[in-house]
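Visitor: Predicted model and sequence below, questions to follow.
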Amino acid sequence: MDLTRQRFDYIVVGAGAAGAIVATRLTEDPQVTVLLLEAGGEDETIWTKIPLGFAKTITDERYVSNFDTAPEPELHHRRYALTHGKVIGGSTAINGMIYIRGLRLDYDGWADAGAPGWSYEDVLPYFRKLESWMGGADSYHGDTGPIGVENARWKNPLADAFIATLAAIGVGRNPDINGQSAEGGGYTPHNTRRGRRSSTGEAYIKPSRNRRNLLIITQATVTRINFKGKEARGVTFEVGGQPHSVDATREVILSAGALHSPQLLQLSGVGPGRLLQELGIDVVHDLKGVGENLQDHLQTGLTFETTSRDTFNRTMADPFSQVRSAFNYFLGARNGALSIGVSVASCFVHTRLPPSEPDVLMHFLPYLPGPSGWDLSKASGFRMALFKCRPESRGSLRILSKNPHMAPRTIFNHLSTEEDRRSMVDGLLFARRVSQTAPLNRLIIRELTPGFPHAREGEMLDFIRQTASTSFHYCGTARMGKDPAAVVDENLRVRGVSRLRVIDASIMPTIPSSNSNPAALMIGEKGADLVKQGWPA
Ligand SMILES: Cc1cc2nc3c(=O)[nH]c(=O)nc-3n(C[C@H](O)[C@H](O)[C@H](O)COP(=O)(O)OP(=O)(O)OC[C@H]3O[C@@H](n4cnc5c(N)ncnc54)[C@H](O)[C@@H]3O)c2cc1C
């Protein structure tokens, strides 16, 4: 592949949630040329289109990549896999599709922490721009954006019982958790359009693919950013093990996600100076925050065996229900069991009395996972999964070698503060209270894990330590801000060097209170606008 005679204004690294949007938006101007380099392949399987397919693709190395965490001190030194999307659309092609933006305070907190222009009022237009909400446009929603947003399409009596139980204990109902108020339980909004997954590959790349000013190369792993002095000039990438170099006349944009963007910065000499020197890497710019501030939502939950027939386990065990679900999906209204993402109903929870902000997000899954976590149990049941919205624990990602193919050392330090431990335990106790309240309690045979009455309050923390794992919401490793440890400024420019930006989940100063994909999509939209603002009128 000879790209030496081709000129690109921008090189975008990674075609995931944010990168696919950036490349699409920049090439809306036919005068602007973009090279989009994606480590994964094309998104050609039907399993990335049918929502239920996430259970298949999540373990398929054609679409995902993995490496393990370091032993987590507060999780009995367990390691677990950091799965992330590696395909056109990135993690949006394989994720659970839950679309909850978070709370107003999340984005106001970003602005207060040194990122002017990122308050809730500032980012709301970008959320509106990217989405087509099933309920139509209003001051909180758009209805003409590329990403479809619909509440879960499987009208499920078990989920209805969960929502009714929440109402019975005073949580209230909310048909639009992304609207004026996030309080109350309701059907979970998903990134789907008429029941099909709305990934950025489908929603952004597909319609822009034939633009003459956009070149997309798949199976292309970027191994370093090339600098002249402190100016980013281009990148080196590998296809089939062969290295290639290419220059950008304007900027290099890193959108490789919160695990790989900081890795690439460090490999290229932008990061903690001492670490880089120890590894024999020439320091382009000593920026100690690169790879620090790593965050995720540690996830826990309770599981129950149920008398209800409306679980996914039952549906899949009964050939007649299977056929009916397939018929509903492929020939009918695209609803029913095949149309679901990971969750069917959700609510924010106050484990402390209001007026405090919600501190836990709970999802209701009308199925009982099997031993691997991604298969189905033979028993019929459901899970209430939850995480602390705004964990205080902070981790880090540091390369261990100059070799770009070696996984970095990644640690989250989950549960390292008393407050994090308390909210997780209180979240489980709240879920148990829901399970013991009508009408849901009438459908429960028994609590399976951790197993009431054996696991009482004091044992909940140990249950979390033994079993909790990732929500896949990695973020924060190239955070925005103005202090010396901040990696990018509010325009997403890497501090201390020129012609280099990061536009992906890495730039979040703090994790949103919800699942992270809506924020990553919004960052793609706003990031593209920030790049465009530098263009001559
Ligand atoms: C299994 C799973 C389930 C999830 N479920 C949900 C959910 O239900 N709801 C929700 O809100 N969020 C969910 N998330 C999180 C959400 O998908 C992410 O927050 C979001 O996709 C992050 O966007 P990003 O642009 O930062 O990175 P990504 O979308 O991960 O994109 C990064 C892209 O960069 C590419 N790349 C990486 N390194 C290189 C390189 N060196 N060269 C070239 N390309 C490279 C990758 O292949 C990938 O395509 C889930 C994530 C996972 C992994």
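Guide: Received, thanks.
Visitor: Report whether residue 410 is found in a helix, as I expect.
Guide: No: counting by DSSP: H, G, I helix; E, B strand; the rest coil, residue 410 falls outside a helix, being strand.
Visitor: what about residue 167, which SS state?
Guide: helix.
Visitor: Chain neighbours aside, what residue packs nearest to the closest residue to the ligand within the chain?
Guide: Of all residues in the chain, the one sitting closest to the ligand is residue 16 (1.7 Å; CB to the nearest ligand atom). C-beta: built from backbone N, CA, C; applies to glycine. In this structure, residue 16 finds its nearest non-sequential neighbour in residue 90, 2.1 Å apart by CB to CB, 6 or more residues apart in numbering.
Visitor: What separation is there between residue 308 and residue 158?
Guide: With the distance defined as CB to CB, to the nearest Å, residue 308 ends up 5 Å from residue 158.
Visitor: any shared contact partners between the two?
Guide: 382, 443 (CB atoms under 8 Å, 6 or more residues apart in numbering).
Visitor: OK, contacts around the residue of the chain closest to the ligand?
Guide: 85, 89, 90, 91, 92, 200, 255, 256, 257, 504, 520.
Visitor: which SSE is residue 324 in?
Guide: Residue 324 is part of helix 319-330, with elements assigned from DSSP states H and E.
Visitor: typo on my end, it should be residue 276
Guide: Using DSSP H and E, residue 276 sits within helix 273-278.
Visitor: Buried residues of that helix, list them for me.
Guide: 273, 275, 276 (16 or more other CB atoms under 10 Å).
Visitor: so the closest residue to the second one other than its chain neighbours bridges to which residues?
Guide: Counting by CB to CB, 6+ apart, residue 275 lies nearest to residue 398, which is 5.9 Å off, once chain neighbours are set aside. Here residue 398 sits in beta bridges with residue 409, as judged by DSSP bridges.
Visitor: Just the helices from the stretch 1-150 of the chain, written as ranges.
Guide: 17-26, 54-57, 104-112, 120-130 (DSSP state H, counting those that start in this stretch).
Visitor: so which of these gets nearest residue 266?
Guide: Proximity to residue 266, assessed across the helices of the stretch 1-150 of the chain by CB to CB, is greatest for helix 17-26 (19.1 Å).
Visitor: If you count contacts, what does the closest one end up packed against?
Guide: strand 8-13, strand 34-37, helix 200, helix 206-208, strand 214-217, helix 517-533 (3 or more CB pairs under 8 Å, 6 or more residues apart in numbering; DSSP states H and E).
Visitor: can you list the residues that contact that helix?
Guide: Contacts for helix 17-26 (CB under 8 Å, 6+ apart): 9-10, 12-13, 15, 32, 34, 36, 38, 88-92, 130, 200-201, 204-205, 207-208, 214, 216, 253, 255-256, 503-505, 517, 520-521, 523-525, 527-529, 531-532.
Visitor: Which among those count as buried?
Guide: Neighbour counting with 16+ other CB under 10 Å marks 9-10, 12-13, 15, 32, 34, 36, 38, 88-92, 130, 200-201, 204-205, 208, 214, 216, 253, 255-256, 503-505, 517, 520-521, 523-525, 527-528, 531 as buried within the contacts of helix 17-26.
Visitor: quick one, phi psi at residue 288?
Guide: phi -70, psi -20 (degrees, to the nearest 10).
Visitor: Report pLDDT for it.
Guide: Residue 288 carries a pLDDT value of 97.
Visitor: Share the number of residues neighbouring the closest residue to it other than its chain neighbours, please.
Guide: Of all residues beyond its chain neighbours, the one nearest residue 288 is residue 272 (4.8 Å), with distances taken as CB to CB, 6+ apart. The local packing of residue 272 (other CB atoms under 10 Å) involves 20 other residues.
Visitor: Quick check on residue 272: phi, psi?
Guide: Main-chain dihedrals, residue 272, degrees, to the nearest 10: phi -60, psi 120.
Visitor: quick one, what contacts it?
Guide: Taking CB under 8 Å, 6+ apart, one finds 266, 286, 287, 288, 290, 291, 398 in contact with residue 272.
Visitor: again with residue 91
Guide: Residue 91 neighbours (CB under 8 Å, 6+ apart): 16, 17, 84, 85, 257, 472, 517.
Visitor: Could you find the closest non-adjacent residue to it?
Guide: Closest to residue 91 by CB to CB, 6+ apart is residue 85, at 3.5 Å.
Visitor: Check the gap between residue 211 and residue 353 for me.
Guide: In terms of CB to CB, residue 211 sits 54 Å off from residue 353.
Visitor: the more surrounded of those two?
Guide: Counted by other CB under 10 Å, residue 211 and residue 353 do not tie: residue 211 has more neighbours, with 16 against 6.
Visitor: residue contacts, the more buried one?
Guide: By CB under 8 Å, 6+ apart, the contact list for residue 211 reads 27, 30.
Visitor: okay but residue 218 is in contact with residue 36, surely?
Guide: No: if you go by CB atoms under 8 Å, residue 218 and residue 36 don't touch, sitting 9.1 Å apart.
Visitor: Overlap in contacts, the two.
Guide: residue 15.
Visitor: Run a quick neighbour tally on residue 384.
Guide: 24.
Visitor: nearest spatial neighbour of it, skipping sequence neighbours?
Guide: residue 431 is the one closest to residue 384 (CB to CB, 6+ apart), at 4.3 Å.
Visitor: give me the number of residues near the one you found?
Guide: Neighbours of residue 431 under the rule other CB under 10 Å: 23.
Visitor: same deal with residue 246?
Guide: 25.
Visitor: so what secondary structure elements neighbour the helix or strand where it lies?
Guide: Residue 246 is part of strand 242-254, with elements assigned from DSSP H and E. Here strand 242-254 touches strand 8-13, strand 220-228, strand 231-239, helix 257-267, strand 500-502, helix 517-533, going by 3+ CB pairs under 8 Å, 6+ apart.
Visitor: Turn those into JSON lines, including distance to the ligand and mean pLDDT.
Guide: Below are those laid out as JSON lines (distance: least, CB to the nearest ligand atom, whole Å; pLDDT from 0 to 100):
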{"stretch": "strand 8-13", "distance to the ligand": "5", "mean pLDDT": "98"}
{"stretch": "strand 220-228", "distance to the ligand": "4", "mean pLDDT": "98"}
{"stretch": "strand 231-239", "distance to the ligand": "6", "mean pLDDT": "97"}
{"stretch": "helix 257-267", "distance to the ligand": "3", "mean pLDDT": "98"}
{"stretch": "strand 500-502", "distance to the ligand": "9", "mean pLDDT": "98"}
{"stretch": "helix 517-533", "distance to the ligand": "3", "mean pLDDT": "98"}
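Visitor: out of these, nearest to residue 388?
Guide: Closest to residue 388 of the helices and strands packed on strand 242-254 is helix 517-533 (CB to CB; 16.8 Å).
Visitor: pull the CA atoms of the lowest-mean-pLDDT helix or strand in the chain into PDB?
Guide: When each helix and strand of the chain is scored by mean pLDDT, DSSP states H and E, helix 319-330 comes last, with a mean of 83. Extracted C-alpha coordinates of helix 319-330, given in PDB (Å, rounded to 0.1, in the frame of the first residue of the first chain):
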ATOM      1  CA  PRO A 319     -39.400 -24.300  20.500                       C
ATOM      2  CA  PHE A 320     -42.800 -22.700  20.000                       C
ATOM      3  CA  SER A 321     -41.700 -19.400  21.800                       C
ATOM      4  CA  GLN A 322     -38.500 -19.400  19.800                       C
ATOM      5  CA  VAL A 323     -40.400 -19.600  16.500                       C
ATOM      6  CA  ARG A 324     -42.800 -16.900  17.700                       C
ATOM      7  CA  SER A 325     -39.900 -14.600  18.700                       C
ATOM      8  CA  ALA A 326     -38.200 -15.100  15.400                       C
ATOM      9  CA  PHE A 327     -41.400 -14.500  13.500                       C
ATOM     10  CA  ASN A 328     -42.100 -11.300  15.500                       C
ATOM     11  CA  TYR A 329     -38.600 -10.100  14.800                       C
ATOM     12  CA  PHE A 330     -38.100 -10.900  11.200                       C
END
